[in-house]
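*Asks:* I'd like to go over a predicted model; first the sequence, then the structure.
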Amino acid sequence: MTQINPYLNFNGNTREAMSFYQQCLSGELVMQKIAESPMAAQVPSEMGAKILHSSLTNDRIILMASDCLGNNIINGNNVWLSINCSSNEEINTYFNALAQGGKIIEPLHQSFWGATFGVLIDKFGINWMFNYSKK
């Protein structure tokens with residue numbers, strides 16, 4: 001099923017924020033540190049404890065978040081919309097349509113977690129992430 005989910009970015013306090021949201025909203029919280037990913041070799045070792053990806057899931061909610069790898073998070077650019085697509089055709093259609101007049105940050109590509117993934121900012125300044133996993 002195709003869904004749009006909010007994706008939050010934090011300046012190094014994702015663990016604290018997502019633990020708080022879990023207390024408020026309940027659900028299963030999963031967090032992956034940078035050190036636990038193939039990305040670990042590409043960044044300084046002191047970044048290893050930062051959260052690469054987290055998700056809080058219950059029957060009705062999926063909330064995702066990560067620690068920003070840069071220092072440019074301000075209120076307004078810290079929320080992204082993540083579309084989890086149902087097919088290759090769907091991810092290509094949505095990505096290409098929303099990219100028109102906008103800026104592609106990461107073209108659609110195969111990610112290390114096995115999904116097709118891409119990132120763009122649409123012509124209205126809205127941040128989008130696209131993910132399609134065949135699983």
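*Replies:* Now that the structure is in, tell me what you want to look at.
*Asks:* switch to C-alpha atoms for all contacts and neighbour counts from now on
*Replies:* Noted.
*Asks:* Run through the protein and note the low-pLDDT ranges.
*Replies:* Where the chain drops to pLDDT under 70, the residues are 69-71, 75-76.
*Asks:* all helices of it, in order?
*Replies:* Taking DSSP state H as the test, the helices found in the chain are 14-25, 88-99.
*Asks:* ok, now which ones touch residue 57?
*Replies:* By C-alpha atoms under 8 Å, 6 or more residues apart in numbering, residue 57 lies in contact with 27-29, 63.
*Asks:* Just the buried subset of these, please.
*Replies:* If you count burial by 16 or more other C-alpha atoms under 10 Å, the buried members of those come out as 27, 29, 63.
*Asks:* Looks like residue 11 contacts residue 77 (just checking).
*Replies:* No: in terms of C-alpha atoms under 8 Å, residue 11 does not count as a neighbour of residue 77; the distance is 11.9 Å.
*Asks:* more neighbours, the two?
*Replies:* residue 11 (16 against 13; other C-alpha atoms under 10 Å).
*Asks:* and the more buried one, backbone torsions?
*Replies:* Main-chain dihedrals, residue 11, degrees, to the nearest 10: phi -90, psi 60.
*Asks:* and it, how far is that from residue 41?
*Replies:* 21 Å (C-alpha to C-alpha, to the nearest Å).
*Asks:* centre of the chain versus stretch 2-22, how much separation?
*Replies:* 9 Å (C-alpha atoms, centre = their mean, to the nearest Å).
*Asks:* May I have the residues that are in contact with residue 4?
*Replies:* Counting by C-alpha under 8 Å, 6+ apart, residue 4 touches 81-84.
*Asks:* Mind splitting this protein into its structural domains?
*Replies:* What automatic domain parsing lists as the domains of the chain is 9-73, 85-135.
*Asks:* Cheers, nothing more for now.
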